[in-house]
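Novice: Coordinates for the following, if possible.
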Amino acid sequence: MPVTIELTGLKELAARFDAFPEVYAREVGSTMKEALFILQENVPEYPPAPSNAYQRTGQLGRSLGVNMSGSPQGQANIYQVSNRSGYTEARFGTRLGYAPRVIGENTQQRPWSGYWWTIKTVATNATSKINETFERLVNDLAAFLDKGK
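Specialist: Prediction:
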């Protein structure tokens, strides 16, 4: 059920930061955390309950860090930024076993299929704002390097 948003073009800039690894790690890590928050704020509200409504608990929303109206409420089950060898990875999501049947892009099942939004919807809605965030990061990093000239 993972959705991947891959950013390219940072490799060259990262190479220029060999002399400032702490600055680079701090700024990229901060931007990745901001991207996770953007994903969380793009989790939609629950769709209206069907007439043959099952008892809603709000557990799926809470596991994504929102309430049933889509408002932020805590942190998602999966909400982490990790430094890997040569890159930084951010992960956002839920550990609920039934979540793929409700919000999975290729695993959504009836009665949720076509009725509920998917995790890909969250990523799609967040993409332009995440891109803006990373454009700002690149500009800030470039400005930092320019000050040293």
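
Novice: end-to-end on stretch 35-55?
Specialist: In terms of CA to CA, to the nearest Å, the two terminal residues of stretch 35-55 are separated by 32 Å.

Novice: Buried residues in that stretch, which are they?
Specialist: 35-44, 46 (16 or more other CB atoms under 10 Å). The way it works is simple: take the backbone N, C-alpha and C, and place the C-beta from them, glycine included.

Novice: Quick one: low-confidence residue ranges for this structure.
Specialist: 1-10, 53-54, 148-149 (pLDDT under 70).

Novice: distance between the longest helix along the chain and the chain's centre?
Specialist: For the chain, the longest helix by residue count, based on DSSP state H, is helix 119-147. Using CA atoms, centre = their mean, to the nearest Å, the mean C-alpha position of helix 119-147 is found 12 Å from that of the whole chain.

Novice: Please name every helix or strand in contact with that helix.
Specialist: Packing partners of helix 119-147 (3 or more CB pairs under 8 Å, 6 or more residues apart in numbering; DSSP states H and E): helix 10-16, helix 21-41.

Novice: Would you reformat those as JSON lines and include distance to R101?
Specialist: JSON lines is the format used below for the helices and strands packed on helix 119-147 (distance: least, CB to CB, whole Å):
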{"stretch": "helix 10-16", "distance to R101": "35"}
{"stretch": "helix 21-41", "distance to R101": "21"}
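
Novice: Check these for me and report the most buried one.
Specialist: helix 21-41 (a mean of 17; mean count of other CB atoms under 10 Å).

Novice: Now do it: which elements does it pack against?
Specialist: Short answer (3+ CB pairs under 8 Å, 6+ apart): helix 21-41 packs on strand 78-84, strand 87-93, helix 119-147.

Novice: what comes up buried for the last one?
Specialist: By neighbour count, and taking 16+ other CB under 10 Å as the criterion, the buried residues in helix 119-147 are 119, 121-123, 125-126, 130, 133-134, 137, 141.

Novice: Would you check which pair of these lies furthest apart?
Specialist: T121 and L141 (30.8 Å; CB to CB).

Novice: just to revisit the earlier point, which of the buried residues of stretch 35-55 lies closest to L13?
Specialist: Nearest member of the buried residues of stretch 35-55 to L13, counting by CB to CB, is A35, at 16.8 Å.

Novice: I figured the closest one hits T127, correct?
Specialist: No. If you go by CB atoms under 8 Å, A35 and T127 don't touch, sitting 10.0 Å apart.
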